[in-house]
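*Asks:* Okay, structure incoming, though there's no sequence with it:
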């Protein structure tokens, strides 16, 4: 099955396009947060509440989307999620109160999570050879979208165009994605009761799943912590204007895209675990130097190394769990979203009470703990990765 789908260029193009769009939507959020904060008069705790609602929406999208796609087919599941995204983005045209705005963003991120888990589960089913290269190439397009999205957001904001237009303009790309869904080929839906996946109880009883979750959870909190809070941190700690700080975030995502392009090749040569460890330590070192010296460019450099975290995690899961990988992904990714949601609340409260700089320091502590989980995971792996 993997070989036939790998040769279907419409399907591959569909995956790559959606990864680009995911990157744009995710990366545009960081630069516009100060403008959202100003428009609605938000404190840091209320801003964290908005990020938490986004995480809850994404979590529910992940929980529901993965199972719907496996049960009813990827085509039907992705058509529904894309339609939800189009309606939600279109609704941003109206200037509503904060409560309705939060609800709207909840559905945007629910659709985002649904599409995200579907693409990752789809990749784990069709990329069965040279997994690290293909996963990294897939997520390279997420990096491309992230780099382009942050630059695009910075440009729009510098022109004093309302920030809502950044998200509304995504309607065109999602309309193209909707059309491609009708022509792409997808794996067949799994009949109810089929033995193609591990039962949920067996998945959560596997220590490798929990070690993988701890490792990738900490890494993703670090990765998205920088993406969400770097602009605000540079504004508050260095009095940098949003347009300039957005340029550093854009460079972060440019290097992020580069890392995803070459990361898989490096991982195939050095090994997945060794590459993961090198990138964790390099990220921690650059972040620490950025804090100590105040050079924002060092934070941008972190993007080169954090880019490999999620593709390598997926590659390790595919190699270790084989045909059961989608079931494992459908458990770890939702748990990862819960962890990120809790960390967003925690960071908002800490920044409100202790200041933005203290909260940003804590973001760096996440990646410092990750090697502990990686060490124990390596000892538990059955297959060589």
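*Replies:* Looks like it arrived, so ask away. Here the structure is a predicted model, which means the values were calculated and not measured. Numbering: from 1, shown residues only.
*Asks:* Show the average pLDDT along the helix or strand containing residue 277.
*Replies:* Per DSSP states H and E: residue 277 is located in helix 272-293. Averaged across helix 272-293, the pLDDT comes to 95.
*Asks:* Next: stretch 233-251.
*Replies:* Stretch 233-251 comes out at a mean pLDDT of 85.
*Asks:* what's in contact with it?
*Replies:* 27, 30-31, 34-35, 147, 150-151, 153-154, 157-158, 227, 230-231, 294, 296-297, 299-300, 303, 355-357, 360 (Cβ atoms under 8 Å, 6 or more residues apart in numbering). For every residue, glycine as well, the C-beta is placed using N, CA and C.
*Asks:* hang on, the earlier thing: now the helix holding residue 277: buried residues?
*Replies:* When burial is assessed from 16 or more other Cβ atoms under 10 Å, helix 272-293 yields the following buried residues: 272-273, 275-277, 279-280, 282-284, 286-287, 290-291.
*Asks:* Next, the angle from the helix or strand just after that helix to helix 272-293.
*Replies:* Using DSSP H and E, the helix or strand that follows helix 272-293 in sequence is helix 296-306. Here the directions of helix 296-306 and helix 272-293 differ by 170 degrees (axes from the mean of the first three to the mean of the last three Cα atoms, to 10 degrees).
*Asks:* For helix 296-306, which helices and strands make contact with it?
*Replies:* Counting contacts by 3 or more Cβ pairs under 8 Å, 6 or more residues apart in numbering; DSSP states H and E, helix 296-306 packs against helix 207-238, helix 242-270, helix 272-293.
*Asks:* closest one to residue 310 among those helices?
*Replies:* Proximity to residue 310, assessed across those by Cβ to Cβ, is greatest for helix 207-238 (6.8 Å).
*Asks:* relative to helix 272-293, how tilted is that closest one?
*Replies:* Computed with the same axes, to 10 degrees, the direction of helix 207-238 lies at 20 degrees from that of helix 272-293.
*Asks:* where's the nearest residue to residue 102 once chain neighbours are set aside, which helix or strand?
*Replies:* Spatially, and ignoring its direct neighbours in sequence, residue 102 is nearest to residue 53 (5.3 Å; Cβ to Cβ, 6 or more residues apart in numbering). In the assignment (DSSP H and E), residue 53 maps to helix 44-72.
*Asks:* helix or strand right after that helix?
*Replies:* helix 74-91.
*Asks:* Return the distance of that following helix from the chain's centre.
*Replies:* 18 Å (Cα atoms, centre = their mean, to the nearest Å).
*Asks:* quick one on the thing from earlier: quick one: buried residues of the helix holding residue 53?
*Replies:* Of the residues in helix 44-72, those buried (16+ other Cβ under 10 Å) are 44, 46-66, 68-70.
*Asks:* what do you get for stretch 102-111?
*Replies:* Going by neighbour count (16+ other Cβ under 10 Å), the buried part of stretch 102-111 is 102, 104-111.
*Asks:* same deal with stretch 9-24?
*Replies:* 11-12, 14-24.
*Asks:* what mean pLDDT does it have?
*Replies:* Rounded mean pLDDT across stretch 9-24 is 86.
*Asks:* what does it rub up against?
*Replies:* Contacts to stretch 9-24, defined as Cβ under 8 Å, 6+ apart, come from residues 5-6, 112, 115-116, 119, 122-123, 126, 138-139, 141-149, 152, 170, 173-174, 176-177, 180-181, 183-186, 253.
*Asks:* and which of the buried residues of stretch 102-111 is nearest to residue 369?
*Replies:* Closest approach to residue 369 among the buried residues of stretch 102-111 (Cβ to Cβ): residue 109, at 26.2 Å.
*Asks:* I'd say the closest one and residue 51 touch.
*Replies:* No - taking contacts as Cβ atoms under 8 Å, residue 109 lies outside contact range of residue 51: 9.7 Å.
*Asks:* what stretches of the stretch 1-150 of the chain score poorly on pLDDT?
*Replies:* Residue ranges of the stretch 1-150 of the chain with pLDDT under 70: 1-8, 124, 126-136.
*Asks:* same thing but 50
*Replies:* Applying pLDDT under 50 to the stretch 1-150 of the chain picks out residues 1-7.
*Asks:* chain center to the helix or strand hosting residue 371: distance?
*Replies:* Assessed by DSSP H and E, residue 371 sits inside helix 356-380. A distance of 17 Å separates the centroid of the chain from that of helix 356-380, by Cα atoms, centre = their mean.
*Asks:* Same question for stretch 313-332.
*Replies:* 17 Å.
*Asks:* Stretch 227-234 now?
*Replies:* 16 Å.
*Asks:* do stretch 370-385 as well
*Replies:* 22 Å.
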